[in-house]
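S.K.: Sequence first, then the predicted structure, then my questions.
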Amino acid sequence: MEYLTSPQEMQYWANEQRRVGRTVAFVPTMGYFHQGHLKLMEYGRSRADRLVVSLFVNPLQFGPGEDFARYPRDEKRDQALAQMAGVDVLFLPAPEDLYPVHFQTYVTVEKVTQGLCGASRPGHFRGVATVVAKLFNLVKPHWAIFGLKDYQQYVVIRQMVRDLNLDLEVVGRPTIRENDGLAMSSRNVYLSPQERGSALSLSAALKTAQERCRAGEHRAAILLDEVVRRISGQPDTRLDYARIVDPETLEGVEFIKDPAVLILAAWVGKTRLIDNGFLGGYPDCPA
């Protein structure tokens with residue numbers, strides 16, 4: 001496995017792969033790898049001739065008072081896991097290399113960033129779109145692979161790629177869960193044992209909504225009432241939002257007659273967690 005740190009090194013390597021006709025899969029991450037990350041790497045390894053993984057905790061997507069400074073980091077462990085996963089290049093840029101002095105260009109995706117996490121975290125998706133656009137220009141992948149746990153992020157990146165005619169395919173892969181149902185996240189390490197028990201209400205609420213939808217309840221308001229009840233009744237837990245939306249536009253739906261996505265975010269103690277689940281069938285996501 002090669003370790004590259006400068007944007008120039010990364011772009012030179014990518015140009016060489018393209019020149020000799022090799023395909024490249026890319027998994028962008030903020031590190032602190034868990035099984036969800038490794039599954040994305042496994043898929044990328046199977047899809048392309050070469051696999052690149054970036055490890056960069058992006059300051060642009062954290063707002064004031066968020067957890068940028070304490071976001072979990074363990075670079076040596078991540079390097080060992082990436083090596084075992086068959087990664088060809090681990091790209092570890094420094095913030096000053098991606099955002100040098102006088103940096104002043106940002107990428108803004110408009111409509112699909114307005115609600116959900118975009119409403120709760122102003123500026124977050126501008127930071128996400130900007131860093132991902134830069135990484136795409138450096139890595140030059142044929143496929144960029146994202147977990148569907150952050151479904152809004154997946155839609156934002158897919159929209160950006162379409163709008164800017166970027167020469168790659170964005171691939172969404174299913175959420176990987178712990179044995180107890182909790183969606184895997186680097187932030188799960190923040191949870192105390194009691195908080196983790198409360199956090200299970202997110203996946204439990206999603207499962208209940210899916211079961212009720214399959215049984216014939218297609219009114220979004222009824223399903224959302226159940227979600228709110230299940231999550232808000234837990235200790236140290238505060239629901240940020242729960243919405244049932246169109247999988248393409250992220251606009252709210254009142255009655256589920258086509259595939260929809262139930263997306264939610266909640267604070268458990270001081271930890272903000274997100275999760276989602278499909279209702280009424282599965283949308284045609286690249287996989």
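M.R.: Yes, it's here.
S.K.: Now do the same contact list for the nearest residue to Thr175 once chain neighbours are set aside.
M.R.: Leaving out its chain neighbours, the residue that sits closest to Thr175 by CB to CB, 6 or more residues apart in numbering is Lys149, at 4.2 Å. No exception for glycine: its C-beta is placed from N, CA and C like everyone else's. Residues in contact with Lys149 (CB atoms under 8 Å, 6 or more residues apart in numbering) are Gly36, Thr175, Ile176, Ala183, Met184, Ser185, Ile274, Asp275, Asn276.
S.K.: Quick check, pLDDT for Lys149.
M.R.: pLDDT for Lys149: 97.
S.K.: That one belongs to a helix?
M.R.: No - using DSSP: H, G, I helix; E, B strand; the rest coil, the assignment for Lys149 is coil, not a helix.
S.K.: Out of the contacts of Lys149, flag the one nearest to Asn15.
M.R.: Using CB to CB, Gly36 comes nearest to Asn15 of these, at 30.4 Å.
S.K.: The closest one and Arg229: what is the separation?
M.R.: Noted for Gly36: a distance of 28 Å to Arg229, by CB to CB, to the nearest Å.
S.K.: which one of those two has more residues nearby?
M.R.: Neighbours per residue, other CB atoms under 10 Å: of Gly36 and Arg229, the larger number sits with Gly36, 21 against 13.
S.K.: what about the helices in the chain?
M.R.: Here the chain has its helices, by DSSP state H, at 7-19, 35-47, 75-84, 95-98, 117-120, 124-139, 151-163, 193-214, 220-232.
S.K.: Just want the angle from the first one to helix 124-139.
M.R.: Going by axes from the mean of the first three to the mean of the last three CA atoms, to 10 degrees, helix 7-19 is angled at 60 degrees with respect to helix 124-139.
S.K.: Any buried residues in helix 7-19, and which?
M.R.: Neighbour-count burial for helix 7-19 flags Pro7, Glu9, Met10, Trp13, Ala14, Gln17 (criterion: 16 or more other CB atoms under 10 Å).
S.K.: for the fifth one, same thing?
M.R.: Applying a neighbour-count criterion of 16+ other CB under 10 Å, one finds Cys117, Gly118 buried in helix 117-120.
S.K.: Could you do the fourth one as well?
M.R.: Across helix 95-98, burial judged by 16+ other CB under 10 Å covers Leu98.
S.K.: now could you export just the CA positions of that helix as PDB?
M.R.: Output of helix 95-98 as PDB, limited to C-alpha atoms (Å, rounded to 0.1, in the frame of the first residue of the first chain):
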ATOM      1  CA  PRO A  95      -5.700  20.700   5.900                       C
ATOM      2  CA  GLU A  96      -3.300  23.300   4.800                       C
ATOM      3  CA  ASP A  97      -2.700  21.400   1.600                       C
ATOM      4  CA  LEU A  98      -6.300  21.200   0.700                       C
END
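S.K.: now that helix, how far from the centre of its chain.
M.R.: Here the centre of helix 95-98 is set off from its chain's centre by 22 Å, with CA atoms, centre = their mean, to the nearest Å.
S.K.: again with the longest one
M.R.: For helix 193-214, the separation from the chain centroid amounts to 19 Å (computed by CA atoms, centre = their mean).
S.K.: what about dumping the CA coordinates of that helix to CSV?
M.R.: The C-alpha trace of helix 193-214 is given here as CSV (Å, rounded to 0.1, in the frame of the first residue of the first chain):
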residue,chain,number,x,y,z
PRO,A,193,-23.5,2.0,28.0
GLN,A,194,-26.8,3.7,29.0
GLU,A,195,-26.7,6.0,26.0
ARG,A,196,-26.1,3.2,23.7
GLY,A,197,-29.2,1.5,25.0
SER,A,198,-31.2,4.6,24.2
ALA,A,199,-29.6,4.9,20.8
LEU,A,200,-31.1,1.5,19.8
SER,A,201,-34.4,3.3,19.6
LEU,A,202,-33.4,4.8,16.3
SER,A,203,-33.1,1.5,14.5
ALA,A,204,-36.0,0.1,16.4
ALA,A,205,-38.2,3.0,15.3
LEU,A,206,-37.2,2.5,11.7
LYS,A,207,-37.9,-1.2,11.8
THR,A,208,-41.4,-0.5,13.3
ALA,A,209,-42.2,2.0,10.6
GLN,A,210,-41.1,-0.4,7.9
GLU,A,211,-43.2,-3.2,9.3
ARG,A,212,-46.3,-1.0,9.6
CYS,A,213,-45.7,0.2,6.0
ARG,A,214,-45.5,-3.3,4.7
